[in-house]
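Peer 1: Pasting the sequence and the predicted model now:
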Amino acid sequence: MNQLQSAKELVRRHHADLVAPGITADRAMSDHVAEGYVWRGFHPFGQITSASEVTQRFWTPLRNSLTSLQWREDVFFAGLNQMDGFEGVWVVSMGHLMGLFDQPFLNIPPTGKIAMLRYCAFHRIANDKIVETAMYFDLPHLMVQAGLDPFPGQTAAQLVQPGPQTHDGLLFDPQPPAEGEATLNLINRMIGDLGQWQSGLRLEDELRRTWAEDMLWWGPTGIGATYTIPRYARQHAGPFRAAFSDRSKTTHIARLAEGQYGGFFGWPNFTARLTGDFMGHAATGKVGEFRVIDIYRRDGDKLAENWVLIDMLHFWKAQGDDVLQRLADGEL
């Protein structure tokens, strides 16, 4: 328990320093991350193995673009990683990075108004330092706020997504271990169903095994957010399964839970072949990678909410649609 609380405090200090006006991003990184630091970010950043390069390529440009930057955190928890036998300590933070969009970011035009960059970060802690980070963010969501439409074929709702309905996602204090175990067990049962796609049940009935009837699924821009099992099946799960084949097994780098919250990420989580129409794109027949973070809220014995970040820019570039290049060329 003390190990998790110490890790939480380290990440909270690191996050505070990253947006503090009097502290440079270089210092915020050097004070809290270890030698050999590994950082994974969505396209166009990829995997970076230098803290100074992370500062140069991501944090300093972001702070210059979104001025008066602040964290608008909705979920925060820590846990031991199931994927390495519950040895590694990870801290998870999810919400939005909010600022005034005053300068271009990756050629996304500024608005001079509030902008919210949706994010989720997984930090691995060892010897009182952050040794590894997965920092996933929804750049197409930022594009939409700037008046662009990168994925016009969206099937569900586009909005700035709220945190938990219960407003209890910031687990700064210790949680009963049994609650986290129940959450992780439920997530694992859901993964077992999801990985099959051949349970023999109707999609809605398969979902009802682990999901609440009034589930909320907060998906990435390009897919959107949806509500209730029938609408989720119609607006995402059904179209997704119809569009893809040859889905690989699921692999994760980290999977953990604390209290009623849990989640995972992979690099990639799985691969699948685009054999049908999806997100306004025609089938390509190509296999693509899905880099994903999922965060869940458990209510009793069912999953009630799910926040999902998918590296759509990476996936579609491999399929032949380089969205950032289209933006740079003035074609978006």
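Peer 2: Looks like it arrived, so ask away. Residues are numbered from 1 along each chain as shown.
Peer 1: Tell me where this structure has helices.
Peer 2: Taking DSSP state H to define them, one finds helices in the chain at 2-19, 25-30, 51-54, 60-65, 139-145, 177-194, 203-208, 229-232, 238-243, 312-318, 323-328.
Peer 1: Can you point out the buried residues in the fourth one?
Peer 2: For helix 60-65, the buried set under the neighbour-count rule, 16 or more other CB atoms under 10 Å, comprises 61-63, 65. For glycine as for every other residue, the C-beta is placed from the backbone atoms N, C-alpha and C.
Peer 1: Check which helices and strands it sits against.
Peer 2: Helix 60-65 sits against helix 25-30, strand 89-101, with contacts defined as 3 or more CB pairs under 8 Å, 6 or more residues apart in numbering; DSSP states H and E.
Peer 1: Surely residue 95 is in contact with residue 117?
Peer 2: No: using CB atoms under 8 Å, residue 95 makes no contact with residue 117, being 9.8 Å away.
Peer 1: for the lengthiest strand in the chain, which positions count as buried?
Peer 2: Ordering each strand of the chain by length in residues (DSSP state E) puts strand 66-80 first. Buried positions in strand 66-80, judged by neighbour count with 16+ other CB under 10 Å: 66, 69, 71, 73-80.
Peer 1: what's that strand packed up against?
Peer 2: helix 2-19, strand 89-101, strand 114-126, strand 254-258, strand 261-265.
Peer 1: quick one: that strand to strand 114-126, angle?
Peer 2: 40 degrees (axes from the mean of the first three to the mean of the last three CA atoms, to 10 degrees).
Peer 1: Output strand 66-80 as CSV, nothing but the C-alphas.
Peer 2: The C-alpha coordinates for strand 66-80 follow below in CSV (Å, rounded to 0.1, in the frame of the first residue of the first chain):
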residue,chain,number,x,y,z
LEU,A,66,-1.6,25.5,-25.3
THR,A,67,-0.6,28.4,-23.1
SER,A,68,-1.6,28.5,-19.4
LEU,A,69,-1.6,24.7,-19.6
GLN,A,70,-3.3,22.7,-16.8
TRP,A,71,-4.3,19.2,-16.0
ARG,A,72,-8.0,18.5,-15.9
GLU,A,73,-7.8,15.0,-14.3
ASP,A,74,-10.8,12.7,-14.1
VAL,A,75,-9.3,9.3,-13.1
PHE,A,76,-6.2,8.6,-11.1
PHE,A,77,-5.2,5.3,-9.6
ALA,A,78,-2.2,2.9,-9.1
GLY,A,79,-1.6,-0.8,-9.0
LEU,A,80,0.7,-3.7,-9.6
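Peer 1: how distant is that strand from the center of its chain?
Peer 2: With CA atoms, centre = their mean, to the nearest Å as the basis, strand 66-80 stands 12 Å off its chain's centre.
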